[in-house]
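>>> here is the input, now give the coordinates:
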Amino acid sequence: MSCNSTIAIGFAALLLSISAGRTAEFGRPATAEEIKAWNIDVTPDGTGLPDGRGDVVRGQQVFEDNCSACHGTKGEGGLADRLVGGRGSLATDHPVKTVGSFWPYATTLFDYVRRAMPYPAPQTLSDDDTYAVVAYILHLNDIVPANAVLDRGSLPKVKMPNRDGFVPDMEFISITNSRQHQGRKP
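As a prediction, the model looks like this:
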């Protein structure tokens, strides 16, 4: 090994040790309260849904105030994606992917609205207003009636029209969960 190589390796080791020492000084562990504030995901079975409730009537007002500028007055589309319609179009040459035609779980809609909407101010809707706007969007898609009230108990029971439309590709049927070290067989 040449002298230059030895010097380069030594210098790299020195930089790594300095970097490692400073890494310990960067940041701090998150508190339980901070983790809880970011742990807002909702699973398809409803795990993670918060307390609260919302109805279609309130949802219409929340939608008009916070969503219609981008999604149109009745969710038909505007600057942002269309949310309504498209049922029966997925197998055609021109599929229309909306909440009513494509999404498999109503809980996913809640999760997305709560986490990412409204566009200019995500996570500003209350849980009650999020349930309400979800009820309204589902109503616009003829999935729930005009008198629907959604909460953590009723939302996971909503059967979406495309609920059974998602099937794994055969090449992905045997996926291993690295945390459990178990494979799933067809």
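
>>> residue boundaries of the strands in this structure?
53-55, 149-151, 176-177, 182-183 (DSSP state E).

>>> out of those strands, which gets the lowest mean score?
Per-stretch mean pLDDT for the strands of the chain is lowest at strand 182-183 (a mean of 47).

>>> so what pLDDT did the spatially closest residue to Thr108 that is not a sequence neighbour get?
Once flanking residues are discounted, Thr108 sits nearest to Pro44: 6.6 Å by Cβ to Cβ, 6 or more residues apart in numbering. Any C-beta I mention is one placed from the backbone N, CA and C, and that applies to glycine too. Looking at Pro44, its pLDDT is 94.

>>> residues in contact with Pro44?
Contact analysis of Pro44 by Cβ atoms under 8 Å, 6 or more residues apart in numbering lists Pro104, Tyr105, Thr107, Thr108, Pro156.

>>> any idea how far the third one is from Trp38?
The span separating Thr107 from Trp38 equals 19 Å under the rule Cβ to Cβ, to the nearest Å.

>>> between the two, who's got more neighbours?
Neighbours per residue (other Cβ atoms under 10 Å) separate Thr107 from Trp38, with Thr107 holding more: 24 against 8.
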